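Asker: Model the structure of this input:
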Amino acid sequence: MTYSFETFCADNRRAYGADGVADLESIRLNLERLIRENPDFVARECNPGDDYGYRELYTDPEKGFIVYSHKSFGGRTSPPHDHGASWAIYGQAWNATDMTEYRRLDDGAQDGRARIQRTRAYRLEPGQVGKFGPHDIHQIHFEDDAGFIRVTGADLFEIDTLTYEPETDSVTVIGAGSAAGGEQPPD
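Answerer: Just a heads-up that it's a prediction; the model follows:
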């Protein structure tokens, strides 16, 4: 039996503990299962022929997690950033995405300053899924026309995030919505 999108959403809802905290590894495994076991869903909701940008597929009214479909325009590398108090789980649908993780070396006491260090780099191929917890610093390189499904713990249009500049040891608070992944092709 195919792992349906409805079952995927229900399983994600059950991945939250009584304390309201999501078990990110369970959600990561759910997304991996959805992408691998339901190619019809991927073809329908994350099709290489889709327009560039993102589409919101589902918002859970109880837990607040959101499922998006993304198609990146051309190859692009984000700066190192976090998603603030939210988490994000990326499931590669087609092409590939390179992920780089960082850790912060300073204590955050000095406004506008941050030292980060690269800790891990890996590639997500179709069917593979990566996860980032709240405040996890990461950088993403999308291949031309890469497609993925992303689940976030909150609406990234409504929370502040941080963007890091390792060459200058600086950090900038970016207003709500900057990390939501709303890239569009140039006119």
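Asker: contacts, neighbours, all on C-alpha from now
Answerer: Noted.
Asker: list the helices and strands the helix or strand of the chain with the lowest mean pLDDT packs on?
Answerer: Every helix and strand of the chain was ranked by mean pLDDT, DSSP states H and E. The lowest is strand 76-77, at a mean of 88. If you count contacts as 3 or more C-alpha pairs under 8 Å, 6 or more residues apart in numbering; DSSP states H and E, strand 76-77 packs onto strand 137-142.
Asker: thought Lys131 was touching Arg28?
Answerer: Yes - if you go by C-alpha atoms under 8 Å, Lys131 and Arg28 touch, sitting 6.6 Å apart.
Asker: which residues do those two both contact?
Answerer: Ile89 (C-alpha atoms under 8 Å, 6 or more residues apart in numbering).
Asker: okay, the two: which has more neighbours?
Answerer: Arg28 (22 against 17; other C-alpha atoms under 10 Å).
Asker: Give the helix, strand or coil label for that one.
Answerer: Secondary structure, DSSP: H, G, I helix; E, B strand; the rest coil: Arg28 is helix.
Asker: any residues touching the helix or strand hosting Arg103, and which ones?
Answerer: Element membership for Arg103, per DSSP states H and E: strand 97-104. Applying C-alpha under 8 Å, 6+ apart, the contact partners of strand 97-104 are 80, 114-125, 136-143, 146.
Asker: quick one: average pLDDT of it?
Answerer: Across strand 97-104, the average pLDDT comes to 96.
Asker: CA atoms of that strand as PDB?
Answerer: Included here for strand 97-104 are C-alpha records, laid out as PDB according to Å, rounded to 0.1, in the frame of the first residue of the first chain:
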ATOM      1  CA  THR A  97      21.300  19.600  -3.000                       C
ATOM      2  CA  ASP A  98      24.600  20.100  -1.200                       C
ATOM      3  CA  MET A  99      24.200  20.700   2.600                       C
ATOM      4  CA  THR A 100      26.900  22.200   4.800                       C
ATOM      5  CA  GLU A 101      26.500  22.400   8.600                       C
ATOM      6  CA  TYR A 102      28.300  24.800  11.000                       C
ATOM      7  CA  ARG A 103      28.600  25.400  14.700                       C
ATOM      8  CA  ARG A 104      28.900  28.700  16.400                       C
END
